[in-house]
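> what's the 3D shape of this:
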Amino acid sequence: MSLLWLAVSVTASAAELFGTVVAVADGDTVTLLDASNLQHKVRLSGIDAPERRQAYGEKARQNLAANVHHKAVLVVWKKEDRYGRIVGRVLLASCAHSGCGYTIDAGLEQIRAGLAWHYKQYAHEQPIAERLRYAEAERQARVNRAGLWHEESPVPPWAFRRHADSGFSVYASASIERR
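Numbering: from 1, shown residues only. I've put the predicted structure just below:
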């Protein structure tokens, strides 16, 4: 069912990885098992979900797990991050039979659920149509106060990590306290 192979897209060279999601670490990272029984850590591109110890972190992980765990996926990717994880779009089949394409974007679904931010720091790496879909999904989630947007001032994960690394911790959603 699954093989690692390279494909050339219209805009640039991209790799595609087929496999089954065998673990979900958090709201934007999964482990995929390919046909050769090799595991690959995959970071969903274009999004940043709350850290597990942050408000909505566990809910983001659970939502991603409900969508992709034990399911066949296609990962379209162009790079690895500094931790050696593949960074790419995780796509699910749109129906149960073999004729369906891999069209459901797991990262976009996280944004729509209000459980991830569109990671604008890396938006320049996204094709324009994808960037616009992600930005609009976040705008709609904010308007609808979905998920973490129900909070008055949700703390983005990059700010949470920065404060945690500097000796500060961010609790709940907006308060910062000295450790």
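> contacting residues for the closest residue to R131 other than its chain neighbours?
Nearest in space to R131, with sequence neighbours left out and distances taken as C-beta to C-beta, 6 or more residues apart in numbering, is A123 at 5.0 Å. Quick note: C-beta positions are derived from backbone N, CA and C, even for glycine. By C-beta atoms under 8 Å, 6 or more residues apart in numbering, the residues touching A123 are G46, R131, Y134, A135.
> Mind putting the residues you listed into JSON lines with neighbour count?
Putting the contacts of A123 into JSON lines (neighbours: other C-beta atoms under 10 Å) gives the following:
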{"residue": "G46", "neighbour count": "27"}
{"residue": "R131", "neighbour count": "17"}
{"residue": "Y134", "neighbour count": "25"}
{"residue": "A135", "neighbour count": "16"}
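> Would you mind checking which of those residues is nearest to L148?
Y134 (15.6 Å; C-beta to C-beta).
> Show me which residues of the strand or helix carrying that closest one are buried.
Using DSSP states H and E, Y134 sits within helix 128-143. When burial is assessed from 16 or more other C-beta atoms under 10 Å, helix 128-143 yields the following buried residues: E130, R131, R133, Y134, A135, A137, E138, A141.
> ok, the closest residue in space to the third one that isn't next to it in sequence to R142 distance?
Translated: R133. Leaving aside its sequence neighbours, R133 sits nearest to L108 (C-beta to C-beta, 6+ apart; 6.2 Å). Here L108 is placed at a distance of 15 Å from R142 (C-beta to C-beta, to the nearest Å).
> what does A164 give?
24 Å.
> One more: L17?
32 Å.
> Could you do T103 as well?
Look at T103 and R142: by C-beta to C-beta, they are 25 Å apart.
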